[in-house]
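S.K.: just coords:
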DNA sequence: ATCATAAATTAGATTAGTCTAATTTTTTAT
DNA sequence: ATAAAAAATTAGACTAATCTAATTTATGAT
């Protein structure tokens, strides 16, 4: 069995290697985990011995299949628990991350499979992030950033790339919820501010920074 | 915040001190936790410094109010999670203990309060053990062991004192479930075997060992 | 009351995960 | 190509929780 610490390393490595296709750097991992890089070096050695990562000094490293499988399973658990917290317990989408960070480390295959059934095999968590199935397969979704769309585009708000509570509560405040249909009314020339039409009636204006954190599907 | 280890010590001490009204012995705690008594000595020192227990060398020790409060809260969480696992996820009452041992250490007051609401403020876990409220107050229940009842007695099966999966699956097999109304048809003289009438129809015979693990309320 | 046994404590090690400070290796810029 | 900067590693120490072995303290039976 893997310790919480090891599981957190696996998860962090997975996320880093997904977004770069390169080997992961010690320093990036150290920053992601909030530890010193000396700690990372020590931990990587142990994880390499356990065949969780491929590791050569100063070369950048990647998860092995075994490491990846564990990492994906933790992400699966994290996201299923987030669905539970929002759908069943009524938490806001801005409140669930920290609790799910704890729940993701509960070890029980039976538990997570039953939870999955109980929740109706959800395909995405409350932030729109895909939930891998029990075999670790993610449903591929083809969404793009709102900031990459043009005037006149119409689509559905399906996810966020910024998961911070402050951003999420901002979206709540302006009345933007996952699943909403939106169209781009106009894009300000000088600062790329987006004016959006929501569900036929409400109209809102958001900064480019916001547009850059919203995922839209056709 | 308390570590898992510390929480497990608190819980174990609580259970030991409840069932004896005397100070708890180092050796009993060591046995309960499956560690050496040298480890217990070391841990008790730390916990005494944190004012979680009252501890004098070789004297037997007890939880302080602060320690007790934490211990009871862990028990509350354990039992609420057990209700969730059985009522919502469909686990058997013999399968939930180990998972709840992990879930009880999740730190979030909001989570446990919402879970409590979601479950409808249950008063007892799937084994009939009382669930303390958010203030740590247990509803007093006045049950007795079946082995202490006499022929002709009629009552309701409200709890078990043996929580082992083997005992619980045995009860499933003979068809005895929490809440069942039973009456004592006869008690064998030479070995105190009990013959019981269940819910008006089924009749079963159980050993005194079993009768000694079943709690009955008038 | 004293001697044997049981219980508790101390001393010293170990493992996991972390740290700081020093050093080495790698990368980048000129 | 080499110096400066950045990244990674090593060395050595710390904390939490555990262990074994040795010793001390308590208990209990004659």
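M.R.: Structure's in. What do you need? All figures in this text were calculated on a predicted structure; none of them were measured in a lab.
S.K.: look up how far chain B lies from the most centrally placed residue in chain A.
M.R.: In chain A, the centroid-proximal residue (Cα atoms, centre = their mean) is residue A:129; its distance is 5.3 Å. Distance, residue A:129 to chain B, using Cβ to the nearest Cβ, to the nearest Å: 20 Å. For the C-beta atoms, the positions are set from N, CA and C on the backbone; glycine is no exception.
S.K.: so that residue makes contact with residue A:76?
M.R.: No: in this structure residue A:129 lies outside contact range of residue A:76 using Cβ atoms under 8 Å: 10.8 Å.
S.K.: tell me the contacts of the residue nearest to the residue nearest to the centre of chain A when sequence neighbours are not counted?
M.R.: Nearest non-adjacent residue to residue A:129, counting by Cβ to Cβ, 6 or more residues apart in numbering or on different chains: residue A:79, 6.0 Å away. Residues near residue A:79 by Cβ atoms under 8 Å, 6 or more residues apart in numbering or on different chains: A:100, A:124-125, A:129-131.
S.K.: name the member of those with the most neighbours.
M.R.: Neighbour counts for the contacts of residue A:79, by other Cβ atoms under 10 Å in any protein chain shown, peak at residue A:125, which reaches 27 neighbours.
S.K.: how much space between that residue and DNA strand D?
M.R.: 31 Å (Cβ to the nearest atom of the strand, to the nearest Å).
S.K.: ditto for residue A:79
M.R.: Residue A:79 is 29 Å from DNA strand D, by Cβ to the nearest atom of the strand.
S.K.: looks to me like that residue is in a helix.
M.R.: Yes: counting by DSSP: H, G, I helix; E, B strand; the rest coil, residue A:79 is part of a helix.
S.K.: next one: it, what pLDDT does it get?
M.R.: Residue A:79 carries a pLDDT value of 98.
S.K.: domain ranges for chain A?
M.R.: Chain A breaks down by automatic domain parsing into domains covering A:4-63, A:74-140, A:144-217.
S.K.: now distance to residue B:112 too, for these, in JSON lines please.
M.R.: Shown next, in JSON lines, are the domains of chain A (distance: least, Cβ to Cβ, whole Å):
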{"stretch": "domain A:4-63", "distance to residue B:112": "20"}
{"stretch": "domain A:74-140", "distance to residue B:112": "10"}
{"stretch": "domain A:144-217", "distance to residue B:112": "20"}
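S.K.: and stretch A:146-160, average pLDDT?
M.R.: Taken as a whole, stretch A:146-160 carries a mean pLDDT of 94.
S.K.: any low-confidence regions in chain A?
M.R.: A:57-59, A:200 (pLDDT under 70).
S.K.: which residues of it fall in helices?
M.R.: A:4-18, A:26-33, A:37-49, A:65-83, A:97-103, A:109-118, A:165-174, A:208-211 (DSSP state H).
S.K.: how about those in CSV, adding distance to DNA strand C?
M.R.: Shown next, in CSV, are the helices of chain A (distance: least, Cβ to the nearest atom of the strand, whole Å):
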stretch, distance to DNA strand C
helix A:4-18, 4
helix A:26-33, 7
helix A:37-49, 3
helix A:65-83, 13
helix A:97-103, 14
helix A:109-118, 21
helix A:165-174, 23
helix A:208-211, 27
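S.K.: which ones are touching the closest residue to residue A:115 other than its chain neighbours?
M.R.: Closest residue to residue A:115 apart from its sequence neighbours, by Cβ to Cβ, 6+ apart: residue A:80 at 5.4 Å. Residues near residue A:80 by Cβ under 8 Å, 6+ apart: A:112, A:115-116, A:119, A:122, A:125, A:131.
S.K.: please report phi then psi for residue A:137.
M.R.: Dihedral pair for residue A:137: phi -90, psi 130, per degrees, to the nearest 10.
S.K.: and the closest residue in space to residue A:208 that isn't next to it in sequence, what is it in contact with?
M.R.: Among residues not flanking residue A:208 along the chain, residue A:192 sits closest, at 4.0 Å (Cβ to Cβ, 6+ apart). The contact partners of residue A:192, by Cβ under 8 Å, 6+ apart, come to A:147, A:208, A:211.
S.K.: my read: the last one touches residue A:153, true?
M.R.: This points to residue A:211. No: counting by Cβ under 8 Å, residue A:211 stays clear of residue A:153, with 11.3 Å between them.
S.K.: these two - which one has more neighbours?
M.R.: In terms of neighbours (other Cβ under 10 Å), residue A:211 is the more surrounded of residue A:211 and residue A:153; the figures are 20 against 16.
S.K.: for the more buried one, what are its contacts?
M.R.: Residues near residue A:211 by Cβ under 8 Å, 6+ apart: A:145-147, A:192-194.
S.K.: where's it relative to residue A:169, distance?
M.R.: Distance of residue A:211 to residue A:169, given as Cβ to Cβ, to the nearest Å: 18 Å.
S.K.: same question for residue A:43.
M.R.: 34 Å.
S.K.: more neighbours: which of those two?
M.R.: Neighbour comparison, residue A:43 and residue A:169: the larger count goes to residue A:43, with 20 against 13 (by other Cβ under 10 Å).
S.K.: which residues of chain A lie near chain B?
M.R.: Within chain A, the positions near chain B by Cβ under 8 Å from any Cβ of the partner chain are A:85, A:88-91, A:95, A:98-99, A:102-103, A:106-108, A:110-111, A:114-115, A:118.
S.K.: do that again at 6 Å, thanks
M.R.: Residues of chain A found near chain B (Cβ under 6 Å from any Cβ of the partner chain) are A:89, A:99, A:102, A:106, A:108, A:111, A:114, A:118.
S.K.: the third one and residue B:121, how far apart?
M.R.: The gap separating residue A:102 from residue B:121 is 23 Å, by Cβ to Cβ.
S.K.: for stretch A:168-175, buried residues please.
M.R.: Buried residues in stretch A:168-175, counted by 16 or more other Cβ atoms under 10 Å in any protein chain shown: A:168, A:170-171.
S.K.: and if you look at stretch A:85-100?
M.R.: For stretch A:85-100, the neighbour count (16+ other Cβ under 10 Å) marks A:85-86, A:88-89, A:91, A:93-97, A:99-100 as buried.
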